[in-house]
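Student: attaching a predicted model along with its sequence, questions to come.
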Amino acid sequence: MLAVVGGLGWALLGSSLFDARSVQVVGIKELPADVVRTVAAVPLGTPMLRLDTNAIESRVAAVPRVAGVQVHCDLDGTVQIAVTERVPVAVVRRDSLAHLIDATGTDYATVPAAPSGLPELEVPQLGPRDAATAAALTVLTNMPGWLRVQVRSIAAASPADVELRLENRSAGTVREVRWGDASQIDRKAAVLGPLLTQPGKIYDVSSPALPTIAER
């Protein structure tokens, strides 16, 4: 029994039979696989049981575009790095560049031009821990699709003061929606739908029981 256990321990830790031989990166769309491999710095030739997978995950997680990462070791010597990339839901314009913002409020990348269909986010202090940022993005990511595609920009001076600017492509006009806080999103959207069929420039659904329309 001791000989069997010792032989197994040697095979796992002392021989090259179960060494890390290759790195496979999955789940990526924008990030190059070579960048992930370089940052991961997996020590090939190390026995699988000696790999510090937590350290590998921490290094990859530090890449701004990475929202999540998991490392798996296979008996064939493959170290698989499964990456979940951040997905942009809005942009912030600064210094002639478009900053991509994900649903957490993280500014994770800059591009010369904003991707088509992404609304502009306007908040005093952008960040994952900022209450106004969280309110605006909660509204944006939870509203129904028919409304989201019309949103040209979303602003929040405070968590209770979210405003939308909707683009009416057929009429070539922009309408303002005073949304209020991030509560009752489905109800506010349901009230806003019929309201938008009426002429006006400012639509207030901050109190969905008492919606109003104004011309300015």
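Tutor: Arrived safely.
Student: contacts for stretch 28-42?
Tutor: 20, 23, 25, 51, 56, 59-60, 62-63, 65-66, 71, 79, 81, 83, 85 (Cβ atoms under 8 Å, 6 or more residues apart in numbering). From N, CA and C alone the C-beta is placed, and that goes for glycine too.
Student: just how off-centre is that stretch within its chain?
Tutor: Distance, stretch centre to chain centre, for stretch 28-42: 18 Å (Cα atoms, centre = their mean, to the nearest Å).
Student: and for stretch 127-136?
Tutor: Distance of stretch 127-136 from the chain centroid (Cα atoms, centre = their mean) equals 14 Å.
Student: need the CA coordinates for it. PDB is fine.
Tutor: Taking Å, rounded to 0.1, in the frame of the first residue of the first chain, the C-alpha atoms of stretch 127-136 are listed here in PDB:
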ATOM      1  CA  GLY A 127     -17.700  54.500 -10.800                       C
ATOM      2  CA  PRO A 128     -19.000  51.100  -9.600                       C
ATOM      3  CA  ARG A 129     -19.600  52.500  -6.100                       C
ATOM      4  CA  ASP A 130     -21.300  55.700  -7.200                       C
ATOM      5  CA  ALA A 131     -25.000  55.700  -6.400                       C
ATOM      6  CA  ALA A 132     -26.000  57.900  -9.400                       C
ATOM      7  CA  THR A 133     -24.100  55.700 -11.800                       C
ATOM      8  CA  ALA A 134     -25.700  52.600 -10.300                       C
ATOM      9  CA  ALA A 135     -29.200  54.100 -10.600                       C
ATOM     10  CA  ALA A 136     -28.700  55.100 -14.200                       C
END
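Student: hang on, the earlier thing: any of the contacts of stretch 28-42 buried? List them.
Tutor: Buried members of these, scored by 16 or more other Cβ atoms under 10 Å, are 20, 23, 25, 51, 56, 59-60, 63, 65-66, 71, 79, 81, 83, 85.
Student: all strands for the chain, in order.
Tutor: Taking DSSP state E, the strands of the chain run over residues 22-26, 66-73, 78-85, 90-94, 97-101, 107-111, 120-122, 151-156, 162-168, 173-180, 202-204, 212-214.
Student: reformat those strands as CSV; add mean pLDDT and distance to Pro144.
Tutor: Converted to CSV, those look like this (pLDDT from 0 to 100; distance: least, Cβ to Cβ, whole Å):
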stretch, mean pLDDT, distance to Pro144
strand 22-26, 97, 32
strand 66-73, 96, 24
strand 78-85, 97, 25
strand 90-94, 95, 17
strand 97-101, 96, 21
strand 107-111, 95, 26
strand 120-122, 97, 19
strand 151-156, 97, 11
strand 162-168, 94, 13
strand 173-180, 94, 13
strand 202-204, 97, 16
strand 212-214, 96, 20
